[in-house]
Every structure is written in C-alpha cells, then in structure tokens.
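> Next comes the sequence, and after it the predicted model I'd like to discuss.
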Amino acid sequence: MHVSVRAIALSGMLTALAVVCIFVGSILEFNTAFLLVLAAFLIGTVTAVSGVPAALCSFAATVILGIFISPVKMYVLTFSLFVPYAVACEYTAGKKPDRKKAILIKALVWWSWTIVCGCIFYVMAGIAGLTELMPEIMKDAGAPIQLGIVIIALAVTWVLTDIAYYAYRKEINRRILNTFNKEERR
C-alpha cells in the first residue's frame with residue numbers, strides 16, 4: 001500500500017480542522033450542529049484522499065482529542081453520529097456502484113450507527129437524569145409515540161444530511177481534491 005506524504009499531511013490538517021470545529025461548536029452554542037456536521041464531512045474528505053483506514057484513524061484521533069479539548073463532551077458523541085455516514089458516502093462514491101446499492105449502503109450505515117448512538121444517548125441521559133429536558137409532547141406520550149417521533153426526526157435528519165453532503169462533495173470536496181491532485185502531479 002503506497003501512501004503519499006501529501007495525503008498524510010492533508011489528512012492530519014483535516015483532522016485538526018475537525019477538532020477545531022468541535023471545539024468552536026461547543027463554544028458558540030448557536031452554531032453547534034453546523035460545525036459538528038462540518039467536522040464529520042471533513043473526515044469524509046479524508047476518506048476521499050487517503051481511503052477508509054486513514055479515515056478511521058482520523059476519526060479516532062478526532063474523538064480522542066475532542067474529548068480532551070471540548071468543554072461539552074456530548075458534542076463529540078454527536079459528531080460521531082455523522083462520521084460513518086460521510087465515510088460510507090465516499091466509499092460508495094469511489095466504487096461507482098449502481099445508485100440503489102449506494103443508497104442502501106448509506107441508509108444501512110446511517111440507521112445502524114444511529115441506533116448505536118441513540119442507545120448511548122439514552123443511557124447517558126438516564127444516568128445524568130436529563131429526561132426532564134424532553135419536550136412536553138414526549139413526556140406526555142406513550143412509548144410508541146415517543147419512538148415514532150424519534151424515527152421521524154432521524155429520517156428528516158438523514159435526508160437533510162444527505163442533501164448537505166451532496167452539496168459539500170460537489171463544491172468543497174471537489175476543490176480540495178483538485179488542489180491536492182495538482183500538487184500531487186508536480
């Protein structure tokens with residue numbers, strides 16, 4: 001396996017930028033979701049540049065540094081929700097499979113990882129006693145209605161993330177890769 005020094009350097013810079021996004025997202029509370037998703041998309045760019053193993057290393061480094069640096073540790077877990085989706089998008093884009101298979105892979109990654117992170121959030125909320133922060137509609141509703149609300153919210157989040165990542169790949173990711181490839185040819 002041949003890995004160029006430029007790919008390693010770019011991956012490191014994107015990882016550092018992802019950590020900065022997590023930190024700034026915990027400082028600027030009004031822009032947290034955007035910055036956490038941007039940090040995850042940067043890990044997706046690492047996948048496009050260096051491949052899935054490098055992206056997993058970058059993801060691990062971002063999580064470890066985020067836990068140490070970020071004042072709000074829960075945002076690191078929220079960031080972790082979006083990373084596998086961005087990696088799956090880049091993985092399916094590089095292989096040029098048929099569109100239905102790519103959508104199926106992305107959906108499978110999204111829903112399985114969301115279930116894992118949702119269980120972690122639920123356990124942490126129960127341990128910390130944060131159930132009083134639920135909206136009133138969630139408190140008064142039964143378990144099936146609560147589950148339905150959560151599933152609808154996750155579906156909307158998945159669609160919005162897919163649209164945002166497509167736009168990110170089209171504009172920003174393409175520019176980064178074009179610049180990287182120009183430098184690589186020199």
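All right, it came through fine.
> Can you check the pLDDT for I8?
I8 carries a pLDDT value of 86.
> Leaving out sequence neighbours, find the closest residue to it.
S50 (7.2 Å; CB to CB, 6 or more residues apart in numbering). Glycine gets a C-beta too; all of them are placed from N, C-alpha and C.
> Tell me the spacing between that neighbour and N178.
Distance, S50 to N178, using CB to CB, to the nearest Å: 16 Å.
> Neighbour count for these two, which is higher?
Counted by other CB atoms under 10 Å, S50 and N178 do not tie: S50 has more neighbours, with 20 against 10.
> residues touching the more buried one, list them.
By CB atoms under 8 Å, 6 or more residues apart in numbering, S50 lies in contact with 3, 7-8, 10-11.
> Quick check: the farthest pair among the residues you listed?
Taking CB to CB, the two most distant members of the contacts of S50 are V3 and L10; they sit 11.2 Å apart.
> More neighbours: those two, which one.
L10 (22 against 12).
> I figured the more buried one was touching N181, is that so?
No - L10 is beyond contact range of N181, at 11.0 Å (criterion: CB atoms under 8 Å).
> Name the nearest of the contacts of S50 relative to A18.
Checking the contacts of S50 one by one against A18 (CB to CB), the nearest turns out to be S11, at 10.5 Å.
> what about that closest one, neighbour count?
There are 24 residues near S11, going by other CB under 10 Å.
> what's the distance between it and E171?
With CB to CB as the criterion, S11 and E171 are 20 Å apart.
> Could you give the separation of the helix or strand containing T47 from the chain centroid?
Element membership for T47 (DSSP states H and E) is helix 32-50. Taking CA atoms, centre = their mean, to the nearest Å, the mean C-alpha location of helix 32-50 is offset from the chain mean by 6 Å.
> Same question for stretch 167-178.
16 Å.
> residues making contact with that stretch?
Under CB under 8 Å, 6+ apart, the answer for stretch 167-178 is 10, 41, 44-45, 48-49, 89, 93.
> returning to that earlier point: could I get the contacts of S50 as a markdown table with distance to I105?
A markdown table is the format used below for the contacts of S50 (distance: CB to CB, whole Å):
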| residue | distance to I105 |
| --- | --- |
| V3 | 25 |
| A7 | 24 |
| I8 | 27 |
| L10 | 25 |
| S11 | 23 |
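> Strands - which of the residues you listed land there?
Secondary structure from DSSP state E places none of the contacts of S50 in strands.
> which one among the residues you listed gets closest to V76?
S11 (19.1 Å).
> now P71, what's its secondary structure?
Put simply, P71 is coil when judged by DSSP: H, G, I helix; E, B strand; the rest coil.
> can you count the residues close to it?
P71: 8 neighbours (other CB under 10 Å).
> Need phi/psi at the closest residue to it other than its chain neighbours.
Distance criterion CB to CB, 6+ apart; nearest residue to P71, sequence neighbours excluded, is S26 at 5.1 Å. Torsion angles at S26 (phi, psi; degrees, to the nearest 10) stand at phi -80, psi -20.
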